[in-house]
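In: Need coordinates for the following:
(chains A and B)
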Amino acid sequence: MSLQSFAPALPEIFVLAMVSLILVVDAALDDSKRHVTYALSLATLAGAAFLTLRDLSSAPSVVLNGLFIDDPLSDVLKLFVYLSTAAVMVYARAYLKARNLYRGEFFVLALFALLGMMVMVSASHFLSLYLGLELLSLSLYAMVALQRDSAVATEAAMKYFVLGALASGMLLYGMSMVYGVTGSLALGEIAQLLADGTDLRLPLVFGLVFVVAGLAFKLGAVPFHMWVPDVYHGAPTAMTVFIGSAPKIAAFGFVVRILGQGLESQVAEWRDMLVVLAVLSMAIGNIAAIAQSNIKRMFAYSTISHMGFMLLGILAGTQSGYGSAMFYVLVYALMSLGGFGMILLLSRAGFEADRLDDFRGLNRRSPWLAFVMLLLMFSMAGIPPTVGFYAKLSVLQAVIELGYVWLAVVAVLLSLIGAFYYLRVVKLMYFDTPHDTQPVAAGADARILVSANGLAILALGILPQPLMALCAHAIGASL
Amino acid sequence: MTYTTAIFYFFSAILVFAGLRVITARNPVYAALYLVLAFFTAAGLWMLLEAEFLAIVLVLVYVGAVMVLFLFVVMMLDINLDRLREGFWKYLPLAGLVSVLLMIEMALILGGRYFGLEVMGTPSPQPADYSNTRALGRLLYTDYVYAFELAAVILLVAIVAAIALALRRRKDSKFIDPAEQVKVKRDERLRIVKMAPVKREEWGARGEESKP
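Out: Just a heads-up that it's a prediction; the model follows:
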């Protein structure tokens, strides 16, 4: 193995080196100089983005003895992961400061989680996939628990940890079955061996069930969704925005690597499982969200339904299906960032704007923020001309191409139900009188970012083609 | 039945028994000790599989270090057993039913049919000079060096998380910071107060006034 073979992993190596540096630098800093950590973290993200952009790959190359793959899919996903992590840091800064959480650990753990996500999206081996997932999960558990004096946050971290460990166990058991059948852990080899057919069908499907259950747990798809509302609600909002954005992109990469790349030949088996998961997720997510009065919980249920929608694209099992699912998840991350970012923006020291009532009459307090929130809500509901419409449309197209028209009809009906609670937020903002009359105390950086976020949703809605083409290209050149 | 098969069944029986006792023992110290037994027996099984290095590491690391630490923790914590076991009997029938069904279903599918010796073939024993420590080391530091490094990073995250969650500077605790003591200046310890001189008679008069 020459030094040359490490080159595709340069962004990962850079991020790891920078986290170690930040860890040391931060230990020597006063509380008043914490902005150095913040700047270094953003610089790390910029550097990693530069390194990834510098050698964009046009074809997959597997290095590091088959554990690491560098292909357009991983490059694109990584770039969006950097982007959302950076946005989370900017959004969260004021919130963390007001709650005495503005400490080096937040940034260090977020960067470790970023490293885990990078490993996940460019893994071509069950070992590296699993290790990346654990790196991400472990960092997230700790981040949720970081607010030690909050009983809710600690409880959320505990639930997340226990259920996450259970899910990892299932995933590993399923992987071990696949290993037993194929005798290999490398995704490429598994795909080749299974393409020829195997006489060990039963244990293979048995393992597949466990793998899919583990994946569904991590995605938060029904019936493995029980942790999502509690964790989203209990965690400090700065952590929720992180959990709700970048890891979803990584989870998409994870699922596509395992199901689309390794177990591609078994598509007939896992498609049926995903159909059940998708329909249940869309139904329970959308219906339960109506009953919520806490907006973080509402977003949690909406996440469940969005994950169901994304699964629609994956279960198609075609290039266009994966492409549309990728488009969906990137758009979802953008909307989720904006939605939670808005909660962070409206919160201030000693006050959490996490109830629906806190959004009452937002138009009178700040018309611009209310308009941005309107865009976000329209996009989540899938109303044109926002990008959420095209995300849903492309996923539905993939399902219809497959011949599952009934599934598309069910999805449309359920998203109509979902539109109710998104539009309720709009109604509260524009037609009700505010309870909270204090001016919005958000910094300029967060305001600019949330505006850019909302306008990006509108702009992508008017011109969705470039991003769609990017997704289609990444999938087409990688799978 | 050959000698090794007999040993295998002997170890397996002990392992299953110890595993059951870990979750049924009333006293957590006993449970931890049964876990030690389970690790020890599993090490024996690995020895049978010719994985000597792993067997020794299991005993050294898990039995020697981890479990001793675990025992310390169990003994130091004041665990209320009755509260911990409140729901045990209530949930036992349902949980038992589910797990027994799950076990039967898994046994039906897996059994010996797919991964048994007839399918996979008997592994041939390694030659006497074969060192699986060397083989493992070579694999870890060459083929799987990426995974190895990732595992190291995960451990680093665990350290960071543990410190972030457990280290607390309590404001009300009294402690001495030697650095502060050394850096102290005269002005911070000693204050010279200038007072106007007072005559003795006046002092006496004041004293009279203050008497009740």
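
In: how about the helices in chain B?
Out: Secondary structure of chain B by DSSP state H: the helices cover B:3-24, B:28-48, B:52-57, B:67-76, B:81-84, B:88-109, B:117-120, B:132-138, B:145-166, B:178-182, B:186-189, B:200-210.

In: mind checking how far the closest residue to chain A within chain B is from A:Ala156?
Out: Residue of chain B nearest chain A, by CB to the nearest CB: B:Ala161 (3.4 Å). Bear in mind the C-beta positions are built from the backbone N, C-alpha and C, glycine included. Using CB to CB, to the nearest Å, we find B:Ala161 at a distance of 15 Å from A:Ala156.

In: now do A:Pro464
Out: Taking CB to CB as the measure, A:Pro464 and A:Ala156 are separated by 35 Å.

In: ok, now B:Leu77?
Out: Taking CB to CB as the measure, B:Leu77 falls 23 Å from A:Ala156.

In: so A:Val178 makes contact with A:Gln266?
Out: No. With contact defined as CB atoms under 8 Å, A:Val178 and A:Gln266 do not form a contacting pair (9.5 Å).

In: Looking at those two, which has the bigger crowd around it?
Out: Just comparing A:Val178 and A:Gln266: by other CB atoms under 10 Å in any protein chain shown the higher neighbour count belongs to A:Val178, 25 against 21.

In: Can you tell me the element the more buried one falls in?
Out: Applying DSSP states H and E as the criterion places A:Val178 in helix A:151-182.

In: So between B:Ala161 and A:Ala156, which is more surrounded?
Out: With other CB under 10 Å as the criterion, B:Ala161 and A:Ala156 differ in neighbour count, and A:Ala156 comes out ahead with 26 against 21.

In: any idea of the pLDDT on B:Leu45?
Out: Reported pLDDT at B:Leu45 in the predicted model: 93.

In: swap in B:Gly207?
Out: According to the model's per-residue confidence, B:Gly207 sits at a pLDDT of 54.

In: same thing with B:Ser210?
Out: Confidence at B:Ser210, expressed as pLDDT, is 53.

In: Tell me the residues of chain B that contact chain A?
Out: Chain B has residues B:106, B:109-110, B:114-115, B:142-147, B:150-151, B:153-154, B:156-158, B:160-161, B:164-165, B:168 near chain A, with proximity defined as CB under 8 Å from any CB of the partner chain.

In: contacting residues around the residue in the stretch 251-400 of chain A positioned nearest to chain B?
Out: Chain B sits closest to A:Glu269 of the stretch 251-400 of chain A, with a gap of 14.2 Å, by CB to the nearest CB. The contact partners of A:Glu269, taken as CB atoms under 8 Å, 6 or more residues apart in numbering or on different chains, are A:205, A:208.

In: swap in B:Ala158?
Out: With contacts taken as CB under 8 Å, 6+ apart, B:Ala158 has the following neighbours: A:Leu138.

In: Quick check: phi and psi on B:Asp177?
Out: Backbone torsions of B:Asp177, given as degrees, to the nearest 10, read phi -110, psi 110.

In: What is the burial count for it?
Out: When counting by other CB under 10 Å, one arrives at 8 neighbours for B:Asp177.

In: how close does it get to A:Ala27?
Out: Look at B:Asp177 and A:Ala27: by CB to CB, they are 17 Å apart.

In: go on, A:Gln266?
Out: As for A:Gln266, its distance to A:Ala27 is 49 Å (criterion: CB to CB).

In: same thing with B:Ala161?
Out: Distance, B:Ala161 to A:Ala27, by CB to CB: 15 Å.

In: what ranges do the helices span in the stretch 151-300 of chain A?
Out: In the stretch 151-300 of chain A, the helices defined using DSSP state H, counting those that start in this stretch lie at A:151-182, A:187-195, A:201-219, A:227-234, A:237-243, A:246-255, A:267-290, A:295-316.

In: Tabulate those (JSON lines), appending distance to A:Ser394.
Out: Below are those laid out as JSON lines (distance: least, CB to CB, whole Å):
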{"stretch": "helix A:151-182", "distance to A:Ser394": "28"}
{"stretch": "helix A:187-195", "distance to A:Ser394": "26"}
{"stretch": "helix A:201-219", "distance to A:Ser394": "19"}
{"stretch": "helix A:227-234", "distance to A:Ser394": "25"}
{"stretch": "helix A:237-243", "distance to A:Ser394": "25"}
{"stretch": "helix A:246-255", "distance to A:Ser394": "14"}
{"stretch": "helix A:267-290", "distance to A:Ser394": "15"}
{"stretch": "helix A:295-316", "distance to A:Ser394": "8"}
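
In: Now render those helices as TSV, adding mean pLDDT.
Out: Conversion of the helices of the stretch 151-300 of chain A to TSV gives the following (pLDDT from 0 to 100):
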stretch	mean pLDDT
helix A:151-182	93
helix A:187-195	90
helix A:201-219	91
helix A:227-234	94
helix A:237-243	94
helix A:246-255	94
helix A:267-290	93
helix A:295-316	94
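
In: got the contact list for A:Trp270?
Out: A:208, A:212, A:259, A:263, A:315.

In: Could you report the neighbour count for the last one?
Out: Same thing as A:Leu315. Neighbour count of A:Leu315, defined by other CB under 10 Å: 26.

In: Also the fourth one?
Out: By other CB under 10 Å, 24 other residues sit near A:Leu263.

In: B:Thr133 is in contact with B:Phe53, isn't it?
Out: Yes. With contact taken as CB under 8 Å, B:Thr133 and B:Phe53 are classed as touching, separated by 4.3 Å.

In: which one of the two has more residues nearby?
Out: Per other CB under 10 Å, whichever of B:Thr133 and B:Phe53 has more neighbours is B:Phe53, with 15 against 12.

In: On the pLDDT front, check the more buried one for me.
Out: Model confidence at B:Phe53, expressed as pLDDT, equals 91.

In: Residue ranges in chain A under the pLDDT threshold?
Out: Segments of chain A classed as low confidence (criterion: pLDDT under 70) are A:1-2.

In: Show me which residues of it sit near chain B.
Out: Within chain A, the positions lying close to chain B (CB under 8 Å from any CB) are A:1, A:9, A:16, A:23, A:64-65, A:67-68, A:103, A:105, A:108-109, A:112, A:115, A:119, A:125, A:127-128, A:131-132, A:134-135, A:138-139, A:141-142, A:145-146, A:148, A:180-181, A:200, A:202-203, A:206.

In: Try it again at 7 Å.
Out: A:1, A:16, A:64-65, A:67-68, A:105, A:108-109, A:112, A:115, A:119, A:127-128, A:131, A:134-135, A:138-139, A:142, A:145-146, A:148, A:180, A:200, A:202-203, A:206 (CB under 7 Å from any CB of the partner chain).

In: For chain B, give me the ranges with low pLDDT.
Out: Judged against pLDDT under 70, the low-scoring parts of chain B cover residues B:80-82, B:84-85, B:169-172, B:202-212.

In: repeat that for 80
Out: Of all residues in chain B, those with pLDDT under 80 make up the ranges B:1, B:26, B:77-89, B:108-124, B:168-175, B:198-212.

In: Start and end of stretch A:229-240, how far apart?
Out: 10 Å (CA to CA, to the nearest Å).

In: same question but for stretch B:118-127, I mixed them up
Out: Across stretch B:118-127, the straight-line distance between its terminal residues is 23 Å, by CA to CA.

In: where does it sit relative to the chain's centre, distance-wise?
Out: Relative to its parent chain, stretch B:118-127 has a centroid offset of 36 Å by CA atoms, centre = their mean, to the nearest Å.

In: Mind listing residues that contact it?
Out: Counting contacts by CB atoms under 7 Å, 6 or more residues apart in numbering or on different chains, the residues outside stretch B:118-127 that touch it are B:Glu50.

In: buried ones in that stretch?
Out: Neighbour-count burial for stretch B:118-127, counted by 16 or more other CB atoms under 10 Å in any protein chain shown, picks out no residue.
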